[in-house]
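1. One predicted model, sequence on top.
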Amino acid sequence: MVFASGIAVLLIIPLGIVDAITGFNVHLNVISELVGGLVVPGKAIVMNMFKAYGCMALYNALQYAEDLKLGHYAKIPPRSMFRAQVISGLISVMMVSRSLYVVNLV
């Protein structure tokens with residue numbers, strides 16, 4: 001998990017620059033699968049978890065940067081943008097955990 005997130009942290013700056021200049025999103029799907037398969041050969045579930053952590057960490061970081069960019073254009077203070085992102089993330093976690101609890105009851 002730390003290694004997958006580390007790959008996303010290393011690639012966020014270059015891929016963020018490419019995304020900001022060209023508007024073309026580069027994803028880590030294939031790279032994450034390849035590295036995950038090389039690190040833990042023969043374990044498909046671990047490879048999929050590696051891919052999920054690597055891809056989603058990068059995707060969420062780039063989405064956050066894009067939201068901050070739009071907030072900057074709209075002259076919204078960065079602290080307010082950060083606060084809104086954290087609150088919406090917490091609400092999302094509560095809703096998903098509640099829905100999983102309800103599904104497990106049935």
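-> Alright, I've got the coordinates.

2. I'd like the next helix or strand past the strand or helix carrying residue 6.
-> According to DSSP states H and E, residue 6 maps onto helix 2-22. Counting by DSSP H and E, the next helix or strand C-terminal to helix 2-22 is helix 29-39.

3. buried stuff in the helix holding residue 6?
-> Judged by neighbour count (16 or more other C-beta atoms under 10 Å), helix 2-22 contains these buried residues: 4-5, 7-8, 11-12, 15-16, 19. Placement of C-beta: from N, CA and C, glycine included.

4. and those as CSV, adding distance to residue 37 and pLDDT?
-> As requested, the buried residues of helix 2-22 are exported to CSV (distance: C-beta to C-beta, whole Å; pLDDT from 0 to 100):
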residue, distance to residue 37, pLDDT
4, 12, 80
5, 18, 81
7, 14, 84
8, 17, 83
11, 18, 86
12, 22, 88
15, 21, 88
16, 26, 88
19, 26, 86
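
5. from the residues you listed, which two are the most distant?
-> Farthest apart among these by C-beta to C-beta are 4 and 19. That separation is 19.9 Å.

6. quick one on the thing from earlier: can I get the CA coordinates of the helix holding residue 6 in PDB?
-> Below are the C-alpha coordinates for helix 2-22, written out as PDB (Å, rounded to 0.1, in the frame of the first residue of the first chain):
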ATOM      1  CA  VAL A   2       2.800   2.400   0.800                       C
ATOM      2  CA  PHE A   3       4.700   1.500  -2.400                       C
ATOM      3  CA  ALA A   4       1.500   2.100  -4.500                       C
ATOM      4  CA  SER A   5       0.900   5.400  -2.900                       C
ATOM      5  CA  GLY A   6       4.600   6.300  -3.300                       C
ATOM      6  CA  ILE A   7       4.400   5.700  -7.100                       C
ATOM      7  CA  ALA A   8       1.400   8.100  -7.200                       C
ATOM      8  CA  VAL A   9       3.200  10.700  -5.100                       C
ATOM      9  CA  LEU A  10       6.200  10.500  -7.400                       C
ATOM     10  CA  LEU A  11       4.100  10.900 -10.600                       C
ATOM     11  CA  ILE A  12       1.700  13.500  -9.400                       C
ATOM     12  CA  ILE A  13       3.900  16.500 -10.400                       C
ATOM     13  CA  PRO A  14       4.700  15.400 -14.000                       C
ATOM     14  CA  LEU A  15       1.200  14.000 -14.700                       C
ATOM     15  CA  GLY A  16      -0.300  17.100 -13.100                       C
ATOM     16  CA  ILE A  17       1.700  19.300 -15.400                       C
ATOM     17  CA  VAL A  18       0.700  17.300 -18.500                       C
ATOM     18  CA  ASP A  19      -2.900  17.500 -17.400                       C
ATOM     19  CA  ALA A  20      -2.800  21.300 -16.700                       C
ATOM     20  CA  ILE A  21      -1.100  22.200 -20.000                       C
ATOM     21  CA  THR A  22      -2.800  19.800 -22.400                       C
END
